[in-house]
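J.: Here's my sequence, what's the structure:
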Amino acid sequence: MKKMKNVNMMLAGVAVGLIALMGCSKGAADSGYDIYLFNAKGENAAQVDAMAKAYQEAAGVRVKTFSIGAGAEQSAPMNTEMNSKNMPTIFSVQGINNLAMWLEGGYVQDFALVENNAAFSKLAADIAPDLRLTLGGTTNYGIPYNLEGYGYIVDTKMLAELFGSADVKAVIEDIKGATYDEWEGFVTEADKWINNAPAAAFTLNGKPYTLAAAKTALTGNLNGVIAFMGSQRWTYGDHLVNVALNAAFTTINDSLNATEADVRRIRGPLAAYAKALDFKTRHLAGKNGPAKRGQDLVSDANFGYDQAVQVFAEGKALFLKQGNWAYNNILTVSREVAERLYFLPVKMPITAADITAQGVSVEKMARSIPVFVPNYYTVNALCSEEEKQKAYDFLVWMNTSPEGQRFIIEDMAFIPYNADAAVTTVPNSLGNSILEYIKEGDTIGDRWHGAPSPWAGDGLGALLMEQYLIKPEWSPGDYETIADFGVNRWIELLNQ
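T.: Next comes the predicted model:
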């Protein structure tokens with residue numbers, strides 16, 4: 001399938017495969033380790049290192065680890081490591097589109113074909129069908145890292161003081177139930193209030209609200225409404241646009257297998273996405289005051305991942321659009337803030353006419369957050385059988401032993417992929433917030449993972465970074481241009 005090919009990867013050739021086989025099968029033990037784990041979650045690099053050391057103590061197996069930088073894109077470092085003399089034994093695959101690319105080179109082990117490891121075969125077989133890394137049939141190629149979700153992260157104490165309300169749970173429920181227009185009204189008045197201009201009354205979920213009469217020490221520290229990672233294209237080119245794609249695609253396979261006619265259905269949702277991004281980037285918080293669109297907004301020095309987390313965790317922004325993977329980063333800045341976080345939905349002006357996916361409505365999209373498996377651990381099929389067996393044993397230990405689960409739940413602040421939302425709690429505020437959404441059925445999926453690989457961050461995200469985030473004013477015509485680009489670029493990639 002042409003649309004599954006990544007133009008940045010040249011690993012599918014026979015010659016590369018043979019070189020890889022030689023490196024993987026010969027290199028591990030001779031290089032001072034038994035297996036090599038490539039971790040695509042830089043946010044938990046230290047915890048993965050500690051887990052590897054704990055496993056060596058428990059099983060006598062030496063695990064080399066490599067983690068990308070926090071917030072970094074995994075393709076380039078992955079390609080480098082997979083082309084190195086000693087390839088990873090366990091590596092990360094990000095969804096079914098990414099899976100197809102590695103399958104072409106023969107790198108991915110089909111777990112249905114694993115022999116002589118009953119514990120691992122049971123682990124793989126017990127993964128719920130809707131969480132499996134598969135292209136259909138009996139195949140199963142990955143063990144989920146965890147469940148992740150994202151939305152607007154808010155400090156509940158900050159929100160309570162902003163509204164002057166002792167019942168912050170009621171405020172949260174009304175924000176969840178608010179329409180997009182009500183959301184815009186709230187953000188507009190909050191921005192005025194933060195900048196010492198008179199704020200008017202507004203409604204949320206049909207109920208009247210006003211903001212607190214006076215600022216507190218906490219709310220007086222705010223510089224703006226939203227902390228923004230302008231230099232990180234994946235935050236708006238992947239994750240933000242994913243919300244809109246849920247209006248057009250019922251499942252991830254629908255986006256993966258989309259025809260030209262299917263792709264044309266995303267035009268309305270993409271225009272809504274562009275309008276929402278325009279509004280969002282007119283209400284930003286910076287380190288020293290309000291932030292505005294311009295060249296500085298896309299600089300890594302001032303609007304990178306770490307900087308945005310810092311701005312939010314220091315109480316200078318009301319919201320941070322991120323996922324629960326950011327919990328440990330926020331914790332590093334402020335333990336107090338990290339203990340009182342909650343997710344609010346990312347709202348867009350999606351209309352009923354924009355929705356062609358089944359099982360969603362304007363109301364459901366307005367009150368839901370995306371929840372999905374972000375990455376999978378896969379085993380390199382080109383490694384020796386001995387090395388693969390050690391990899392299977394490690395994955396079993398990580399996902400079933402008390403010590404392995406402690407690293408996942410407590411140290412990495414992850415939600416286990418097999419968590420029962422009705423009874424499970426995790427020791428961090430953002431994880432429990434996600435479990436609440438799952439329990440209520442207020443979730444949408446990861447439809448952008450089915451888009452052609454260069455479409456989102458490298459295509460739409462690059463366009464926005466280079467032409468729009470540096471532009472002070474956008475027009476309704478810009479929304480249409482962005483939507484047309486998204487549709488036409490996807491169709492171009494289908495036909496390559």
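
J.: What are the buried residues along stretch 137-147?
T.: Neighbour counts using 16 or more other Cβ atoms under 10 Å place 139, 140, 141, 142, 143, 144, 145, 146, 147 of stretch 137-147 among the buried residues. Any C-beta I mention is one placed from the backbone N, CA and C, and that applies to glycine too.

J.: Now intersect the residues you listed with the strands, please.
T.: Counting by DSSP state E, these place 143, 144 in strands.

J.: need the contact list for the residue nearest to residue 246 when sequence neighbours are not counted.
T.: Nearest-residue entry for residue 246: residue 444, 4.2 Å, with adjacent residues in sequence omitted and distances by Cβ to Cβ, 6 or more residues apart in numbering. By Cβ atoms under 8 Å, 6 or more residues apart in numbering, the residues touching residue 444 are 243, 246, 360, 364, 365, 368, 369, 370, 371.

J.: Per-residue pLDDT of residue 444, please?
T.: Among the per-residue scores, residue 444 holds a pLDDT of 96.

J.: Residue 71 too?
T.: The predicted local confidence for residue 71 is 60.

J.: residues touching the closest residue to residue 445 other than its chain neighbours, list them.
T.: Nearest residue to residue 445, sequence neighbours excluded (Cβ to Cβ, 6+ apart): residue 372, at 5.7 Å. Contacts for residue 372 (Cβ under 8 Å, 6+ apart) come out as 147, 148, 149, 445, 446, 449.

J.: and the nearest residue to residue 31 once chain neighbours are set aside, how far is that from residue 380?
T.: Distances taken as Cβ to Cβ, 6+ apart put residue 86 closest to residue 31, at 5.3 Å, once the chain neighbours are dropped. Note on residue 86: its distance to residue 380, by Cβ to Cβ, to the nearest Å, is 11 Å.

J.: Among the two, which residue is more densely surrounded?
T.: It is residue 380, of residue 86 and residue 380, that has more neighbours when counted by other Cβ atoms under 10 Å, with 27 against 17.

J.: Which strand residues bridge that one?
T.: residue 108 (DSSP bridges).

J.: can you map out the strands along the stretch 201-350 of the chain?
T.: 202-204, 207-209, 224-227, 284-285, 290-291, 317-323, 341-344 (DSSP state E, counting those that start in this stretch).

J.: nearest to residue 264, of the ones you listed?
T.: Of all the strands of the stretch 201-350 of the chain, it is strand 317-323 that lies closest to residue 264, at 27.7 Å by Cβ to Cβ.

J.: So what are the sheet partners of the closest one and their directions?
T.: Strand 317-323 pairs in its sheet with strand 148-155 (antiparallel), strand 224-227 (parallel), by DSSP bridges.

J.: what about the lengthiest helix in the chain, average pLDDT?
T.: The helix spanning the most residues in the chain, taking DSSP state H as the definition, is helix 476-494. In this model, helix 476-494 carries a mean pLDDT of 98.

J.: Over to stretch 377-388?
T.: For stretch 377-388, the mean per-residue pLDDT is 96.

J.: My guess is residue 281 contacts residue 469. True?
T.: Yes: when contacts are counted by Cβ atoms under 8 Å, residue 281 is listed as touching residue 469 (6.5 Å).

J.: what's the overlap in contacts for those two?
T.: Common neighbours of residue 281 and residue 469 (criterion: Cβ under 8 Å, 6+ apart): 293, 297.

J.: coming back round to it: which of the contacts of residue 444 sits closest to residue 111?
T.: Residue 111 lies nearest to residue 371 out of the contacts of residue 444, by Cβ to Cβ, at 23.6 Å.

J.: The closest one sits in which helix or strand?
T.: If you go by DSSP states H and E, residue 371 is part of strand 369-372.

J.: Could you tell me how far that strand lies from the centre of the chain?
T.: 9 Å (Cα atoms, centre = their mean, to the nearest Å).

J.: avg pLDDT for that strand?
T.: 96.

J.: Can you tell me the strand partners of that strand and which way each runs?
T.: Each strand paired with strand 369-372, and its direction, by DSSP bridges: strand 148-155 (antiparallel), strand 443-444 (parallel).

J.: Arrange the contacts of residue 372 in JSON lines, one row each, with distance to residue 296 as further columns.
T.: Below are the contacts of residue 372 laid out as JSON lines (distance: Cβ to Cβ, whole Å):
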{"residue": "147", "distance to residue 296": "35"}
{"residue": "148", "distance to residue 296": "30"}
{"residue": "149", "distance to residue 296": "30"}
{"residue": "445", "distance to residue 296": "34"}
{"residue": "446", "distance to residue 296": "31"}
{"residue": "449", "distance to residue 296": "31"}
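
J.: Distance check, the residue nearest to residue 445 against residue 432.
T.: In this view, residue 372 and residue 432 are 18 Å apart by Cβ to Cβ.

J.: Domain map for this structure?
T.: According to automatic domain parsing, the chain comprises the domains 2-144+374-416, 149-372+431-494.

J.: Any idea which of those domains has the lowest pLDDT on average?
T.: Across the domains of the chain, the lowest-scoring stretch is domain 2-144+374-416, with a mean of 83.

J.: Please identify which of the domains of the chain is closest to residue 422.
T.: Comparing the domains of the chain by Cβ to Cβ, domain 149-372+431-494 comes nearest, at 6.2 Å.

J.: coming back round to it: mean neighbour count for the strands of the stretch 201-350 of the chain - can I get that in a markdown table?
T.: A markdown table is the format used below for those (neighbours: other Cβ atoms under 10 Å):
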| stretch | mean neighbour count |
| --- | --- |
| strand 202-204 | 19 |
| strand 207-209 | 14 |
| strand 224-227 | 25 |
| strand 284-285 | 24 |
| strand 290-291 | 20 |
| strand 317-323 | 26 |
| strand 341-344 | 22 |
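
J.: mind listing what the residue nearest to residue 271 when sequence neighbours are not counted touches?
T.: Distance criterion Cβ to Cβ, 6+ apart; nearest residue to residue 271, sequence neighbours excluded, is residue 483 at 4.1 Å. Taking Cβ under 8 Å, 6+ apart, we find residue 483 in contact with 266, 267, 268, 270, 271, 273, 274.

J.: In this structure the third one contacts residue 352, no?
T.: In this case it means residue 268. No: in this structure residue 268 lies outside contact range of residue 352 using Cβ under 8 Å: 10.3 Å.
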